[in-house]
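Chemist: Here you go, sequence then predicted model.
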Amino acid sequence: MPYLPLAVNSILSQSFTDFEFIIVDDCSHDDTPRYLKSITDERIVLVILPENKGVTGALQEGMKCVNGKYVARLDADDIAKPHRLQTQVDFLESNPKIGLLGSSIELIDASGKLLSHVNLAKDDIEIRWRFLVKNPFFHSTVMFRHDLLGKHNLGYTLKHGEDYHLWVEMMRFCKGAISAEELIQYRTHQQSWTTTKGKEQERAFDEINGQILERYIPGLRKKIDVPNFVEWMRSPVRIRHNQTLFKDTYILLVNSFAETELDNNVRRTFIESKLRHVRDNSIWMKLKSVLNGKAHE
């Protein structure tokens, strides 16, 4: 309740007005039900669960009510900028190949004080690379095409990391983007799901990371410790644990990953940027042909 009215009002006051506002109350024990029932806006679809289903269960119940072309998410403690929906709808309408869209954020504390500006801007290939080590999307910033879920039998399924897993699966069938514009005020506080369930989230992320890496290098998890490798990937020039093995694996991963990008110029730029810290490794020579736009050895 301390944050809910701000979140709700930030949606009701959007410049884009043609939407259904599905609010799921996951068996709360404060004044949330009374407050939600007091709002008379006809765009609201109120779902009050009789028993607690957790984040994933609440998301699943909310998605059953969706009728719109696009789905935008907002957590109950975050705030959407007034032009958030209009900006994202305009972008998706103008970019039909993009199916999943996020934004940068303003990070605020429990009292609403601005802590920092967080620029998350990434194009499709950078998002896919980021998937190898973490979730690049803040859930409250996301808007996606509703029909992708029905066409490909996708949805929120995991108890933890449910959004991360869905984005990874969704981008098997579409492209993604994260804009530089800050469309959300993202609140960090001690009662947030990220804070209270941090360890469970980390374990889920490790499993998702491993599954994604296996797509590019089958059998990888039998050869190296994925969490340590992922940590090394985040900062390959600092961590020296298993340095040679990790560097060899990293370069092979870049090589395999780059084959998914068909545009030679994008592929060249991507490979060069990812390998700038590890070019002293002998396997670098094997990638010359890829940089020239030819099949690698």
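Modeler: That came through fine.

Chemist: Could you use CA atoms for every contact and neighbour count after this?
Modeler: OK.

Chemist: nearest spatial neighbour of Leu275, skipping sequence neighbours?
Modeler: Ile251 (7.2 Å; Cα to Cα, 6 or more residues apart in numbering).

Chemist: helices or strands next to the helix or strand containing that neighbour in the packing?
Modeler: In this structure, Ile251 sits in helix 243-258 according to DSSP states H and E. Counting contacts by 3 or more Cα pairs under 8 Å, 6 or more residues apart in numbering; DSSP states H and E, helix 243-258 packs against helix 198-216, helix 226-234, helix 264-274.

Chemist: Pipe those into a markdown table and attach mean pLDDT and mean neighbour count per row.
Modeler: Output for the helices and strands packed on helix 243-258, formatted as a markdown table (pLDDT from 0 to 100; neighbours: other Cα atoms under 10 Å):
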| stretch | mean pLDDT | mean neighbour count |
| --- | --- | --- |
| helix 198-216 | 88 | 17 |
| helix 226-234 | 86 | 18 |
| helix 264-274 | 80 | 15 |
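
Chemist: among these, which is nearest Phe144?
Modeler: helix 198-216 (20.5 Å; Cα to Cα).

Chemist: The helix holding Ile251 to helix 226-234, inter-axis angle?
Modeler: 80 degrees (axes from the mean of the first three to the mean of the last three Cα atoms, to 10 degrees).

Chemist: rewinding a little: take the helices and strands packed on helix 243-258 and write them to JSON lines, including distance to Ala121.
Modeler: JSON lines is the format used below for the helices and strands packed on helix 243-258 (distance: least, Cα to Cα, whole Å):
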{"stretch": "helix 198-216", "distance to Ala121": "21"}
{"stretch": "helix 226-234", "distance to Ala121": "17"}
{"stretch": "helix 264-274", "distance to Ala121": "15"}
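
Chemist: so who does Phe205 touch?
Modeler: 134, 161, 164 (Cα atoms under 8 Å, 6 or more residues apart in numbering).

Chemist: Quick check on these: which are buried?
Modeler: Among the contacts of Phe205, those classed as buried by 16 or more other Cα atoms under 10 Å are 134, 161, 164.

Chemist: On the three-state scheme, Ala110 is what?
Modeler: What DSSP: H, G, I helix; E, B strand; the rest coil gives for Ala110 is coil.

Chemist: What of Asp77?
Modeler: coil.

Chemist: now the strands: where do they sit in the stretch 51-200 of the chain?
Modeler: In the stretch 51-200 of the chain, the segments counted as strands under DSSP state E, counting those that start in this stretch are 70-72, 79-80, 98-108, 114-118, 143-145, 175-187.

Chemist: Name the stretch among the ones you listed that sits most buried.
Modeler: Highest mean neighbour count among the strands of the stretch 51-200 of the chain (mean count of other Cα atoms under 10 Å): strand 79-80, with a mean of 28.
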